[in-house]
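Trainee: How does the following fold in three dimensions:
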Amino acid sequence: MSIKFKPGWNIEKSKYKAKYGPYQAFLDSVNEASVINALQEATYHFQAPWAVTLLQEANGQQADVTVEQSTHQPEDTFVLQTGEQQGFTLHLTVRNSQGRAFHLYVMQHNDGTIFINEMSANNNLVAHRN
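Mentor: Presented below is the predicted three-dimensional model:
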């Protein structure tokens, strides 16, 4: 496995809490095992080439991926067909071996485990789970 965890990845960052106030959310129930399981489980659920490459790196097939921050910062979610807001989701921040940052948007199964529902990169790339 080539998933690394940055020291303090699972500690809420006070600068974000101060900047975003009540908009900032942080789940301290997410642990290394749940992140690793979510990355492994996502392997066959994304088709965008950049997302496939990121998941291959995370799962030890090419390079390293570093988890920089646990679930934080609520993002609005929408029903794609209608554009209706459907609540919010949190994301993990990861960085690949080339230094590029990605947001992995997570949801929870009924048993509380997380799964990756969507991914994005800083140049407006978005990949949805299939």
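Trainee: Could you list the low-pLDDT ranges of the protein?
Mentor: 1, 16, 19-28, 61-62, 71-89 (pLDDT under 70).
Trainee: That one: strands as residue ranges?
Mentor: 3-5, 65-78, 85-96, 101-108, 114-121, 126-128 (DSSP state E).
Trainee: Of all those strands, which one comes closest to Gln40?
Mentor: strand 3-5 (9.2 Å; CB to CB). Backbone N, C-alpha and C define where each C-beta goes, glycine included.
Trainee: Show me what the closest one is packed up against.
Mentor: Strand 3-5 sits against helix 32-42, strand 65-78, with contacts defined as 3 or more CB pairs under 8 Å, 6 or more residues apart in numbering; DSSP states H and E.
Trainee: about what we covered before: let me have the strands of the chain in JSON lines, extended by distance to His45.
Mentor: JSON lines is the format used below for the strands of the chain (distance: least, CB to CB, whole Å):
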{"stretch": "strand 3-5", "distance to His45": "17"}
{"stretch": "strand 65-78", "distance to His45": "17"}
{"stretch": "strand 85-96", "distance to His45": "15"}
{"stretch": "strand 101-108", "distance to His45": "12"}
{"stretch": "strand 114-121", "distance to His45": "8"}
{"stretch": "strand 126-128", "distance to His45": "9"}
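Trainee: Lys15 is nearest to which of those?
Mentor: strand 65-78 (11.4 Å).
Trainee: Could you provide the strands of the chain in a markdown table, with additional columns for distance to Val30 and mean neighbour count?
Mentor: Shown next, in a markdown table, are the strands of the chain (distance: least, CB to CB, whole Å; neighbours: other CB atoms under 10 Å):
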| stretch | distance to Val30 | mean neighbour count |
| --- | --- | --- |
| strand 3-5 | 11 | 16 |
| strand 65-78 | 5 | 18 |
| strand 85-96 | 8 | 17 |
| strand 101-108 | 8 | 20 |
| strand 114-121 | 6 | 20 |
| strand 126-128 | 21 | 16 |
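Trainee: closest one to Ile36 among these?
Mentor: Going by CB to CB, the one of these nearest Ile36 is strand 3-5, 5.7 Å.
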